[in-house]
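Enquirer: Here is a sequence with its predicted model. Questions after.
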Amino acid sequence: MSELELRQSTVEASAEHIAPRGRRWPRPGTILAGGFVAFLVVATLAPSVAWTQDPNAIAPALAFESPSFAHWFGTDESGRDVYSRVVAGTGTSLLIGVTATLIGLALGLVLGLLASFAGRVFDFAVNRVIEVLFAFPGLLLALLVIVVYGPGPVTATIAVGLSTAPGYARIIRGQFVSIRSSHYVEAARVLGRSPARILGRHILPNALVPLSVLATLGIGQAIVWASALSYLGLGAQPPAAEWGAMLAAGRTYLATAPWLTAFPGLMIVGTTIATTILGRALARRGQEGR
Amino acid sequence: MPAASVTSSSFGRRSLVLAVALVATLALAGCQAPESGASDEPVQGGTLVYASGDAEPVCLDPHVGGNYPQALLASQFLESLVSRDESGEIIPWLAESWTASDDGLVWDFTLREGVVFTDGTPLDAEAVKVNVEHLQDPATQSSTGYLALGKVAEVEVVDERQARFVLSSPDSALLESLSQPWTAIQSPAGIARGMEANCEAPVGTGPFVVEDWVKQDHVSLVRNDDYSSPPADAAHDGPAYLEAIEWRFVPDAASRHAALQGGQVDVIDNPQPDTVAAVEGDDAFTWINAPRPGAANRIELNSGQAPFDDVRVREAFIRAVEVDEGIEALYFGTASRSYSALSSVEPLAYSDPSRFETDLEAANSLLDAAGWTERDADGTRLKGGQRLTLRFPVSTNQSIPAEQSLFEQVQATAKAAGFDVVIELLDLSSWYGALFANEYEIVSAPYTKVGPDVLRILYHSDSITPAPSGYFANLSQLDDPEVDALLTEAAATSDATARAELYEAAQQRILGGFYLLPLYDQQNSFLLDSAVKGARALPTVSTPTFYDAWLAD
Amino acid sequence: MLRRAVALVSGAAFVLWAVATLTFFAIRLIPGDPAQAILGGPGSQASQEALDQVRREYGLDRPLIVQYLAMLGRLLTGDLGHSYALKVPVADLLSSQLGGTMLLAVMALVVAWMLALGLSLWSTGRSRFASIIGDGIELTAAALPHFWLAGVLIAVFSSGLDWLPPVSTGTPAGFVLPVVTLAVPLAGFLAQVMRESLLDAMQQPFVLSARARGESTTGIRLRHTIRHAALPAISLSGWALGWLLSGAVVVETIFAMPGLGRTLLQAVTLRDIPVVTGVVLLVALVYVFMTVLTDLASRIADPRLRQEGAR
């Protein structure tokens, strides 16, 4: 969540007016990241193509086998294939990450719009609301949501989404304010365009591209926070192979079977890095198009 | 009715008792008790650091509520009227002898002489009376102790050392109930301070005294230098060897084990099975395996509603589920499979492996016969459009990771027969909430109590009726007049043979109805730095005692 | 300046009031009976009369708005109420837990700052290779879950090398692993921001002119650009502290340290509402305080803001 908050500068830089322009070949890092994300997409849409065996098939006699040719990522405490579970967990993990990010973004967008376009009173009020939400540290907000609605993957997702909202709202508001006062909006206003048309044709498109950048950056962080809830016993439910839950469950055997946590952990880190690189590539394209 | 059981002990037999206790300690120490241990001279002084993985109690007075974490701590500073030895025999502690009337309704306890609470109040019959009243007062909010003394109508003070328990109906489990830490005897002056003060630092007669409790961190216990009341099976007389105990709360199992290895702590409880297996054969550590008494760890099948109101579906589930290999793999040989409703430490436990043989074919035909004939795309069986879904709330506070993994294996093996087991990992409050709302088909809940009377609490139909707070203990909702009759009669029978027969008949009937799937004893073990000598688990509820313990250099 | 102070104080009061109100009404949504939570929580054998007694005693039978006003009244006098589970005043409980957590969080913040500064200074404006490495380290660090990092650190530095204790011992050595666990992911974030600002600063006219004067690259970095890089990081410190308190829930559990995080987790598990409310208010107070501090710090770091006055 915070990643996004911190990348404000990147985003603001890319918040300038965007117009389509000729393509350039992407950088090698972007290609690599794209490949990784493509794998994630395959694992999400058709996990059975990528996994080597049923991710929930137990074989207690084969528990705690270290990585080998038969089990690329080893086996877990119930003898399940860790690689297949990592693949099977991609969908759930990304769903948590993406949904939480979308919830945060949507809320942030609403707050940001209200603050920027509904007058001074609203701006003041929304700013206060954002500040109040900021006063709840993320996990505390998540715990509070869980106290009210009970633990589980849905609650965890909503909780993480809510706790990211104030960060997004702040950035979005800042963006809207800078776009509103930009030259092209001024020009449109001078030309006598209606406010609705200015919002729809000029402001929203220019704000939404950077927002998609924000979204890619937030996914990994949302997964990490959801995994912390799993560690506290308040996250995804078994036998769902979710990366965070796998990481939390495997921690028990960190000393004896490190592969249980290493591979789901690498997937989370990989996803964060890949989505961040893609997000930046998007932002660059936006800047280059200036 | 036969003559009332009369037990008394002469404390002159101490040397014999001492020898027995030492043997017991060594036997308990299990894998690698040092051979020289018995002849070593105990060292005075030192602070033992204990790291507990159990939840930090919210109140140190075990009369309030009454759970296992409270019992662990209370065993260091509170004492009960009686205790239990290795063989399951009740032995003297604060009461040196007792007699029961022929009708079993009047019990006279003679208190040990010269015992003084650590606040200076003498232990007398009046103190016993105050404690029982404290337990039975609704304002105390006692649950475990309250239930255990349910048949005690009142306590009369006969004279200073004679306390008379008058019962409303005969209770063969009275002595076992009184041996538990939840019915321990506290100073009346301490109780009179009110709940807040008494929760902070209860006052007892034990070998240690609560000095300080830093919340979320530790409880400091210091030696009671005037201590004079060890249980009959203790290894020595007089004050404890240790000067103090620092009782730390270390919730994370991996940190706890690392702290033991690094020497920051001397004893840990709730070690992970894989770490116990890892230090096996290592002379630096001692493993004390002390399964809890009372009920075995088991999965209860809710027979109060569909689909488990049908005995065929219950049997099908038990036939379908395969746990032996999982227990072997997850517990690394530290736990053995149980086939009984009771813990293996209970002498009256009845075990019947034949009822729990896995047979997928039998399970399938039972389900077919019960009308669950169709299957949907997932392979889950259907009956009249209803899926064969089993909701399984699991408390993350009560089930260690290995047990949670075992439940996932239960889920996977039950799937083959067409059961859709939905595991819900919940925190304690939400877990109780699911039980209160009857939103479960299977559940696993621990229940620790000394003696087979735990069967009455868990399987008598009276325990289905919830208290206003929603609490009920009969989670399989077993409602069988014959079981009720057997358990009621057993609880009132003082003849040992007849009692054993009644409990066996009750257990046979309970197991025969496929109301539960026993897994293993309630796991309870301790890893000690081998410099800690003479520590043992009390044979009552298997809490550790450090009265005889000392630290070798 | 006075107007600014009044605005700050009234803003702070508003935040605290709103947080208290939100928490109060959010908690009323919790299924279940507070009276039962008071009577030993889940699994207790509370009788009807005991429940009624508690409802009267705690005023739970009065209308919601009356309870709300009563709570506000108590808060104004600094009374946070009694813990349902522990039966002690919440203020006493929290004041004994606040110190440890704040010490942990502040040390982690300082360490994260130093790590981030070192990393971003090293990697910025050098070869493309260095910048990719720096970027990779930062992104990886930022994606490490606390509980996993803590486990690895314990496995390596306690179980493996036996250099540091795996549980807090009250000694400085006991603080090392918890602080590092909290600081590393945060440092990843901070370094990313700092690098953006540093890159920005390197292209500023004043750097170019310094370079033209013949100052060494290191000299330029240290003299001119750190201040520039520090600014966004300072303004994030208030947020970072909240983030660290989130992490403290996990870190205090793993390293067995007393503190607000563990207290909160226990209170949540037991539905100990007064303690949850108390922790939320306390954290809000700390946040408000930090906001004021970072505001002041930014003014010191950036002279431009001093002239601008209230924005």
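Expert: Arrived safely. Numbering: from 1, shown residues only, chains lettered A, B, ... in the order given.
Enquirer: mind giving me the domain split of chain B?
Expert: B:16-32+B:41-291+B:524-551, B:297-520 (automatic domain parsing).
Enquirer: would JSON lines of those domains with mean neighbour count be doable?
Expert: C-beta: built from backbone N, CA, C; applies to glycine. Below are these laid out as JSON lines (neighbours: other C-beta atoms under 10 Å in any protein chain shown):
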{"stretch": "domain B:16-32+B:41-291+B:524-551", "mean neighbour count": "21"}
{"stretch": "domain B:297-520", "mean neighbour count": "20"}
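Enquirer: Could you export those domains as JSON lines, including distance to chain A and mean pLDDT?
Expert: Output for the domains of chain B, formatted as JSON lines (distance: least, C-beta to the nearest C-beta, whole Å; pLDDT from 0 to 100):
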{"stretch": "domain B:16-32+B:41-291+B:524-551", "distance to chain A": "5", "mean pLDDT": "89"}
{"stretch": "domain B:297-520", "distance to chain A": "3", "mean pLDDT": "90"}
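Enquirer: can I get those domains in JSON lines with distance to A:L62?
Expert: Listed next are the domains of chain B as JSON lines, based on distance: least, C-beta to C-beta, whole Å:
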{"stretch": "domain B:16-32+B:41-291+B:524-551", "distance to A:L62": "16"}
{"stretch": "domain B:297-520", "distance to A:L62": "9"}
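Enquirer: and of the ones you listed, who's closest to A:P60?
Expert: Closest of the domains of chain B to A:P60 is domain B:297-520, at 3.9 Å (criterion: C-beta to C-beta).
Enquirer: What spatial separation is found between A:G112 and A:A249?
Expert: 38 Å (C-beta to C-beta, to the nearest Å).
Enquirer: quick one, which of the domains of chain B is nearest to C:G78?
Expert: domain B:16-32+B:41-291+B:524-551 (19.7 Å).
Enquirer: just how off-centre is that closest one within its chain?
Expert: 12 Å (C-alpha atoms, centre = their mean, to the nearest Å).
Enquirer: Over to stretch C:172-182?
Expert: For stretch C:172-182, the distance to the chain centre is 16 Å (C-alpha atoms, centre = their mean).
Enquirer: Contacts made by it with the rest, please.
Expert: Residues outside stretch C:172-182 that contact it (C-beta atoms under 8 Å, 6 or more residues apart in numbering or on different chains): C:103-105, C:107-108, C:111-112, C:146, C:149-150, C:153-154, C:157-158, C:164-168, C:244, C:247-248, C:251-252, C:254-255, C:257.
Enquirer: ok, and for that stretch, which residues are buried?
Expert: Neighbour counts over stretch C:172-182 (16 or more other C-beta atoms under 10 Å in any protein chain shown) mark C:174-182 as buried.
Enquirer: Quickly find the element holding the closest residue in space to C:L285 that isn't next to it in sequence.
Expert: Sequence neighbours aside, C:L16 is the residue nearest to C:L285 in space, at 6.5 Å (criterion: C-beta to C-beta, 6 or more residues apart in numbering or on different chains). Assessed by DSSP states H and E, C:L16 sits inside helix C:2-28.
Enquirer: Break chain C down into its domains, please.
Expert: According to automatic domain parsing, the domains of chain C span C:34-79, C:90-310.
Enquirer: Any chance of those domains in a markdown table with mean pLDDT as columns?
Expert: Shown next, in a markdown table, are the domains of chain C (pLDDT from 0 to 100):
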| stretch | mean pLDDT |
| --- | --- |
| domain C:34-79 | 76 |
| domain C:90-310 | 79 |
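Enquirer: any idea which of the ones you listed is most buried?
Expert: The highest mean neighbour count among the domains of chain C, using mean count of other C-beta atoms under 10 Å in any protein chain shown, belongs to domain C:90-310: a mean of 20.
Enquirer: about what we covered before: minimum distance to A:G97: which of the domains of chain B has it?
Expert: domain B:297-520 (20.2 Å).
Enquirer: For C:I27, give me its contacts.
Expert: A:147-148, C:273, C:276-277.
Enquirer: Can you tell me which of the residues you listed lies closest to C:D135?
Expert: A:V147 (38.4 Å).
Enquirer: Quick check: end-to-end length of stretch B:475-494?
Expert: One end of stretch B:475-494 sits 28 Å from the other (C-alpha to C-alpha, to the nearest Å).
Enquirer: got the domains of chain C as TSV, with distance to B:A329 columns?
Expert: Formatted as TSV, those follow (distance: least, C-beta to C-beta, whole Å):
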stretch	distance to B:A329
domain C:34-79	31
domain C:90-310	22
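Enquirer: Select, out of those domains, the one closest to B:V276.
Expert: Of all the domains of chain C, domain C:90-310 comes closest under C-beta to C-beta, at 15.4 Å.
Enquirer: any idea which helix or strand comes after whichever strand or helix holds C:V249?
Expert: Per DSSP H and E: C:V249 is located in helix C:237-254. Tracing the chain past helix C:237-254, the next element assigned as helix or strand by DSSP H and E is helix C:260-270.
Enquirer: close to chain A, is that following helix?
Expert: Yes. Contact of helix C:260-270 with chain A (C-beta under 8 Å from any C-beta of the partner chain) involves C:264-265, C:268.
Enquirer: by contact count, what packs against that helix?
Expert: Here helix C:260-270 touches helix A:138-149, helix B:428-436, helix C:90-123, helix C:237-254, helix C:273-301, going by 3 or more C-beta pairs under 8 Å, 6 or more residues apart in numbering or on different chains; DSSP states H and E.
Enquirer: and the residue of chain B most remote from its centre, what element?
Expert: Most distant residue from the mean C-alpha position of chain B: B:A377, 43.5 Å away (C-alpha atoms, centre = their mean). For B:A377, there is no host helix or strand (DSSP H and E).
Enquirer: ditto for A:S116
Expert: helix A:82-117.
Enquirer: What is that helix packed up against?
Expert: By 3+ C-beta pairs under 8 Å, 6+ apart, helix A:82-117 packs against helix A:28-45, helix A:47-50, helix A:119-135, helix A:153-180, helix A:204-231, helix A:243-250, helix A:259-288.
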